[in-house]
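# Here is a sequence with its predicted model. Questions after.
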Amino acid sequence: MFENFKRITIKGGCFEQASTLELFKDKYCLSIVYGRNGSGKTTIAKAIRQYVGKDTESQTEDGYISYSVSTDANIIDDKKESVFIFDEEFVRENIRMKGRGLETIVMIGEQVNLDTLITQKIEQRNAIEKKIAEDTIRKENFENKNNISSPSYFFSQIRSKLREDGGWADIDRKIKGNSIKSSVTEDLVKRLVSMPEPKEAEAVLLQRLNSDLALFTQTQDAQIITWNPISLNIPEDLDNITALLRKKIEKPELSEREYRLLNFLQEYSDYHLQETSRQLTEERWPFCPLCLRENNEQVYVHIGDTLKHILNKESEVYNDELDKAMALFVIDEITIPVFPKLNEKEKTALQLAIEQLNKDIKIIRNRIEQRKRDIYGIVTEVFSAELILNYSAHLANFKKAMSDMENCVTTFNRSVHDREKLKNKIIQENAQLTRKQLTALLGGYSKASKAYESCLKTLSLHITDKGRIENEIKELKAQAENTDIALD
């Protein structure tokens, strides 16, 4: 057993012959080995370290020193972990000393490595910063449109080629019936890059495109109609607006002067009461609208108070309701599609329906404006019976005419569907010819774009690594500071 360990025999190092040392005599559990330099104390420690499997000695120029060790009582494996050797190697690896004399600081264990780890992390950060600087220069080169490694350089070359007379943009203009050449975007260039290079020769592709384009041009009038009919949100009848316009607003008790001011607002204003009142108070008219005397600050205050009395909270709420009603009766501008085979009957019906409904809405809006100018008045008849009947009929006619026009467009578009297929075929042929003609430039753009994306990714990773390392340095320095505080 381990407690029977008394003697050890060592051969190797400075012990050329096997030497037996009696370490623990009788029942003593402490043994001191001392001697002059070079007498073998370190050799004994290394031999025991090697014996229990804790040897960390590396190869030297003289080779690896192996010791022959035997004991009078073998140390079993699970007991070897209980053997500790505190020799020069242990001190060198686990103990650091700072300062001198009584101010000496001794650090043991993990604290010893803090300075070393901080130095290593700083070196790593410096290396990362160097890579970031290199990546940044590469990034700037990639973003310089005059640099041959930049995607923008190739894009500029490609764009110029595509916009030449007879080039992609010119042909695309003819296909789509536009007056100016089609725009060249990065999405277009990326789409061309993603296309496989056609196997046919450029001459074959050009002949096919010219043939189909000539056929397409001969049927130029047959174009697909793009028309989005509007959806009206105006009321189906006039019941709600009639009730709103008939609503009675109680007039406040007015003095003679206030009554005259109200009449002035109603009879001579180009706006409704609320807007005119705002003009009087905010724009500060230089004269009184009733007596034409020059106004001063006291008069402005008096006019403001008078207007607040005339136009009370109820009138303000009612005015807002009239504004909302006004916003309902609006028809956006309607564009009637024009194409060769449009049925004149449907076209005429839609034009008439728009005119009739707009006429009704104009009357309704004028009536709302009148009410806004005279919110305290009594309304006996809001709309004529004829207008009420016509409005519902005209609205129904408008919806039917819009539906009929939509059916006309759908029918026409279906009749030219085959020509639309030809158009799409020509668009594809134009792209294929361009892909063939610009193979080298598109390849350069693709390569430059991938290199740029790789540079951005690498730069991002390096910036992330730098941040991580800086955080680790902060943590290590904090641990070092805590150690110094503890030692103090």
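Sure, I can see it.
# for Lys176, what are its contacts?
By C-beta atoms under 8 Å, 6 or more residues apart in numbering, the contact set of Lys176 is Ser182. C-beta: built from backbone N, CA, C; applies to glycine.
# For the lengthiest strand in the chain, name the packing helices and strands.
The strand that spans the most residues within the chain, counting by DSSP state E, is strand 15-22. If you count contacts as 3 or more C-beta pairs under 8 Å, 6 or more residues apart in numbering; DSSP states H and E, strand 15-22 packs onto strand 7-12.
# gap between Ile8 and Gly166?
Distance of Ile8 to Gly166, given as C-beta to C-beta, to the nearest Å: 98 Å.
# Mind checking which of these two has more residues around it?
Ile8 (20 against 7; other C-beta atoms under 10 Å).
# Wait, the more buried one touches Ser68, no?
No. With contact defined as C-beta atoms under 8 Å, Ile8 does not count as touching Ser68 (11.0 Å).
# hang on, Ser70 in a helix?
No. Assessed with DSSP: H, G, I helix; E, B strand; the rest coil, Ser70 is strand; it does not lie in a helix.
# what angle sits between the longest strand of the chain and strand 7-12?
Note on geometry: by axes from the mean of the first three to the mean of the last three C-alpha atoms, to 10 degrees, strand 15-22 and strand 7-12 are set 170 degrees apart in direction.
# Give me the phi and psi for Lys425.
Phi and psi for Lys425, reported as degrees, to the nearest 10, are phi -60, psi -40.
# Chain neighbours aside, what residue packs nearest to it?
Distance criterion C-beta to C-beta, 6 or more residues apart in numbering; nearest residue to Lys425, sequence neighbours excluded, is Asp212 at 6.2 Å.
# pretty sure the one you found contacts Glu429?
Yes. Contact status for Asp212 versus Glu429: in contact at 6.3 Å, counting by C-beta under 8 Å.
# which one of the two has more residues nearby?
Glu429 (21 against 18).
# for whichever strand or helix holds the more buried one, packing partners?
Assigned by DSSP states H and E, Glu429 belongs to helix 417-437. On a contact count with 3+ C-beta pairs under 8 Å, 6+ apart, helix 417-437 meets helix 168-176, helix 186-194, helix 202-218.
# Following element in sequence after the last one, please.
Helices and strands here follow DSSP H and E; after helix 202-218, the next one along the chain is helix 239-246.
# and that following helix, what does it pack onto?
helix 313-328, helix 344-373.
# Buried ones in it, by neighbour count?
Of all the residues in helix 239-246, those buried under the rule 16 or more other C-beta atoms under 10 Å are 241-242, 244-245.
# likewise stretch 173-184?
174-175, 181-182, 184.
# now, among these, which is nearest to Glu200?
Ile175 (20.1 Å; C-beta to C-beta).
# Among the helices and strands packed on helix 417-437, show me which one is buried the most.
Among the helices and strands packed on helix 417-437, ranked by average contacts under mean count of other C-beta atoms under 10 Å, first place goes to helix 168-176 (a mean of 18).
# Isn't Cys455 up against Ile137?
No. The pair Cys455 and Ile137 does not pass the contact test of C-beta under 8 Å, sitting 9.9 Å apart.
# And those two? Which one has more around it.
Neighbour count, other C-beta under 10 Å: between Cys455 and Ile137, Cys455 has more, with 20 against 11.
# between the one helix or strand the more buried one maps to and helix 186-194, how many degrees?
For Cys455, the host element (DSSP H and E) is helix 439-487. Using the same axes, to 10 degrees, the inter-axis angle of helix 439-487 relative to helix 186-194 is 110 degrees.
# Ala201 versus Tyr34, what's the distance?
Note on Tyr34: its distance to Ala201, by C-beta to C-beta, is 97 Å.
# the more surrounded of the two?
More neighbours surround Ala201 than the other of Tyr34 and Ala201, with 10 against 6 (other C-beta under 10 Å).
# Against Ser211, how distant is that one?
15 Å.
# Repeat that for Gln17.
105 Å.
# Ser446 contacts Arg191, doesn't it?
No. Counting by C-beta under 8 Å, Ser446 sits too far from Arg191 to count as a contact (12.0 Å).
# what comes into contact with the longest strand of the chain?
6-11, 33, 40, 43-44, 68.
# Then stretch 198-216?
Applying C-beta under 8 Å, 6+ apart, the contact partners of stretch 198-216 are 171, 174-175, 419, 422-423, 425-426, 429-430, 432-433, 435-437.
# Which of the three states applies to Gly377?
Gly377 ends up coil, using three-state DSSP.
# helices and strands of the chain: which one bottoms out on pLDDT?
helix 273-282 (a mean of 50; mean pLDDT, DSSP states H and E).
# What separation do you get for Ile334 and Ser182?
In terms of C-beta to C-beta, Ile334 sits 29 Å off from Ser182.
# same check, this time on Lys79
87 Å.
# shaky segments in the stretch 51-200 of the chain?
Where the stretch 51-200 of the chain drops to pLDDT under 70, the residues are 54-65, 72-73, 88-113.
# Helices along that one, start to end?
Along the stretch 51-200 of the chain, counting by DSSP state H, counting those that start in this stretch, helices occupy 77-80, 88-94, 112-143, 151-162, 168-176, 186-194.
# What is the third one packed up against?
By that I understand helix 112-143. So helix 112-143, by 3+ C-beta pairs under 8 Å, 6+ apart, packs with strand 95-98, helix 439-487.
# what about 7 Å?
Contacting helix 112-143 under the criterion 3 or more C-beta pairs under 7 Å, 6 or more residues apart in numbering; DSSP states H and E are the following elements: helix 439-487.
# Let me see the mean pLDDT of stretch 409-421.
The predicted model assigns stretch 409-421 a mean pLDDT of 76.
# coming back round to it: tabulate the helices and strands packed on helix 417-437 in CSV, adding columns for distance to Asp404.
Below are these laid out as CSV (distance: least, C-beta to C-beta, whole Å):
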stretch, distance to Asp404
helix 168-176, 29
helix 186-194, 39
helix 202-218, 30
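# Would you mind listing the buried residues in stretch 445-462?
Buried, per 16+ other C-beta under 10 Å, within stretch 445-462: 445-446, 448-449, 451-452, 455, 458-459, 462.
# How about residues contacting that stretch?
128, 131-132, 135-136, 138-139, 142, 149-151, 154-155, 158, 189, 193 (C-beta atoms under 7 Å, 6 or more residues apart in numbering).
# run the last query once more with 10 Å
127-139, 141-143, 147-155, 157-158, 186, 189-190, 192-194, 438 (C-beta atoms under 10 Å, 6 or more residues apart in numbering).
# ditto for stretch 134-149
Contacts for stretch 134-149 (C-beta under 10 Å, 6+ apart): 150-157, 444, 447-449, 451-463.
# cutoff 8 Å now
Taking C-beta under 8 Å, 6+ apart as the rule, stretch 134-149 contacts 150-153, 155-156, 448, 451-452, 455-456, 458-459, 462.
# In the contacts of stretch 198-216, find the pair that's most separated.
Pairwise over these, using C-beta to C-beta, the maximum falls at Arg419 and Gln437, 26.8 Å.
# circling back: take the contacts of stretch 134-149 and lay them out in a markdown table including distance to Ala478.
Listed next are the contacts of stretch 134-149 as a markdown table, based on distance: C-beta to C-beta, whole Å:
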| residue | distance to Ala478 |
| --- | --- |
| Ser150 | 44 |
| Pro151 | 45 |
| Ser152 | 46 |
| Tyr153 | 48 |
| Phe155 | 50 |
| Ser156 | 52 |
| Ala448 | 45 |
| Ala451 | 41 |
| Tyr452 | 39 |
| Cys455 | 35 |
| Leu456 | 33 |
| Thr458 | 30 |
| Leu459 | 29 |
| His462 | 25 |
